[in-house]
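[1] The following block contains a protein sequence and its predicted model.
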Amino acid sequence: MSHPALNLMQGTVDLLILRALQQGPAHGYAVSRWVRERTDGVLSMEDAALYQALHRLEARGWIASEWGLSENNRRAKFYALTPVGRRELRSEVSAWRQYAEAVFKVIETA
């Protein structure tokens, strides 16, 4: 069943990027593709939001970047989690689980 892409709620982009980079270093398009594939196309990131978030996360020290070659031999900036980013990811996942459980308690109430 095909689902229309959902707009990402504020605050989810950072979490999704950090989670995607937990798999290993990746360039922006690969991060976006991973999220889209992992969610069966339900979640997608607009380029502007993705790259603003990548720059913001790098400024916070949660990710680091370096230039490399993509799968098609194009120059691309690859991003990787830093130790601080790994700690932040654990914290964010915990907070989102708590948030989601609370929302489900409300919407699943008979």
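    In hand now; what should we look at?
[2] Every contact and neighbour count from this point should use C-alpha atoms.
    Fine.
[3] can I assume Glu58 is in contact with Ala64?
    Yes. With contact defined as CA atoms under 8 Å, Glu58 and Ala64 form a contacting pair (5.7 Å).
[4] Could you tell me the phi and psi values at the residue nearest to Leu18 when sequence neighbours are not counted?
    Of all residues not flanking Leu18 in the chain, Leu89 sits nearest, at 6.1 Å (CA to CA, 6 or more residues apart in numbering). With angles defined as degrees, to the nearest 10, Leu89 sits at phi -60, psi -50.
[5] and Leu89, how many neighbours?
    Per other CA atoms under 10 Å, the neighbour tally for Leu89 reads 21.
[6] Tabulate the CA atom coordinates of stretch 81-98 in PDB.
    The C-alpha coordinates for stretch 81-98 follow below in PDB (Å, rounded to 0.1, in the frame of the first residue of the first chain):
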ATOM      1  CA  LEU A  81      28.600  10.900  14.100                       C
ATOM      2  CA  THR A  82      31.000  12.200  16.800                       C
ATOM      3  CA  PRO A  83      31.100  10.800  20.300                       C
ATOM      4  CA  VAL A  84      29.000  13.700  21.400                       C
ATOM      5  CA  GLY A  85      26.500  13.000  18.600                       C
ATOM      6  CA  ARG A  86      26.200   9.400  19.700                       C
ATOM      7  CA  ARG A  87      25.300  10.500  23.200                       C
ATOM      8  CA  GLU A  88      22.800  13.000  21.900                       C
ATOM      9  CA  LEU A  89      21.200  10.300  19.700                       C
ATOM     10  CA  ARG A  90      20.700   8.000  22.700                       C
ATOM     11  CA  SER A  91      19.200  10.900  24.600                       C
ATOM     12  CA  GLU A  92      16.900  11.900  21.700                       C
ATOM     13  CA  VAL A  93      15.700   8.300  21.100                       C
ATOM     14  CA  SER A  94      14.800   8.000  24.800                       C
ATOM     15  CA  ALA A  95      12.900  11.200  24.700                       C
ATOM     16  CA  TRP A  96      11.000  10.300  21.500                       C
ATOM     17  CA  ARG A  97      10.100   6.900  22.800                       C
ATOM     18  CA  GLN A  98       8.600   8.500  25.900                       C
END
